[in-house]
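Engineer: model this:
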Amino acid sequence: MKRATHSRKEASHERIVEAAARAIRRSGYGGSGVADIMKAAGLTHGGFYAHFASREAMLAEAADRAGAETVAALTRIAADAPPQRAMGSLLRAYLSKEHLEATERGCPAAALGSEMPRQAPEVRRAATRHIKEMIDLIARQSPEWGGPAAHERALVTVATMVGALSLARAVDDLRLSDALREAALNHLVPVNG
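Structural biologist: Numbers count the residues shown, from 1 in each chain. Down below sits the predicted model:
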């Protein structure tokens, strides 16, 4: 009986974290209330503290989940492509119309970047860890992997791709949104990538 209860609690915890990870990308940290997240997870607000010590603890897990999902998706895309085309495949997927429109499933850095400085340290720590993983993933796709040029190029690439997606989502002009993504792709993707 105890294992079944523990298993239900774990499943409920997972539903809360999943709902919170979607909510923060869709509505931001400030727009993601505990009551709404618990409702989206199919649970009552009163059960929140059985799972988390604080709202910040939940947000940290949500930021961790959202970042991990993005890095995992980009890693799969790179792994599924021939090595010489991995970078191009990864960038085309990241800067795609589908990713642009999938805010609540997409990259949290692009959705939440401007809110990060005002978050609790544990939330920022989770986001930072996954941004570093993105930089490392991009650097590993470089022909200069292992050298300082690969890391510096990866820093610029991640900043460009996240910035382009953020701006493309921010504007209310569809042609400008498309142009921002396309310009970033044209700049970042090698001619044969």
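Engineer: so where's this structure shaky on pLDDT?
Structural biologist: For the chain, applying pLDDT under 70 flags the ranges 1-6, 190-193.
Engineer: can you map out the helices along it?
Structural biologist: With DSSP state H as the criterion, the chain has helices at 2-27, 34-40, 55-80, 86-94, 97-101, 108-112, 121-140, 148-170, 174-188.
Engineer: can you redo those as JSON lines with mean neighbour count and distance to residue 49?
Structural biologist: The way it works is simple: take the backbone N, C-alpha and C, and place the C-beta from them, glycine included. Converted to JSON lines, the helices of the chain look like this (neighbours: other C-beta atoms under 10 Å; distance: least, C-beta to C-beta, whole Å):
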{"stretch": "helix 2-27", "mean neighbour count": "16", "distance to residue 49": "11"}
{"stretch": "helix 34-40", "mean neighbour count": "17", "distance to residue 49": "10"}
{"stretch": "helix 55-80", "mean neighbour count": "19", "distance to residue 49": "10"}
{"stretch": "helix 86-94", "mean neighbour count": "22", "distance to residue 49": "37"}
{"stretch": "helix 97-101", "mean neighbour count": "14", "distance to residue 49": "35"}
{"stretch": "helix 108-112", "mean neighbour count": "23", "distance to residue 49": "25"}
{"stretch": "helix 121-140", "mean neighbour count": "18", "distance to residue 49": "17"}
{"stretch": "helix 148-170", "mean neighbour count": "18", "distance to residue 49": "34"}
{"stretch": "helix 174-188", "mean neighbour count": "15", "distance to residue 49": "41"}
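Engineer: I'd like those as CSV, with distance to residue 47 appended.
Structural biologist: Shown next, in CSV, are the helices of the chain (distance: least, C-beta to C-beta, whole Å):
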stretch, distance to residue 47
helix 2-27, 7
helix 34-40, 7
helix 55-80, 12
helix 86-94, 36
helix 97-101, 33
helix 108-112, 25
helix 121-140, 21
helix 148-170, 33
helix 174-188, 40
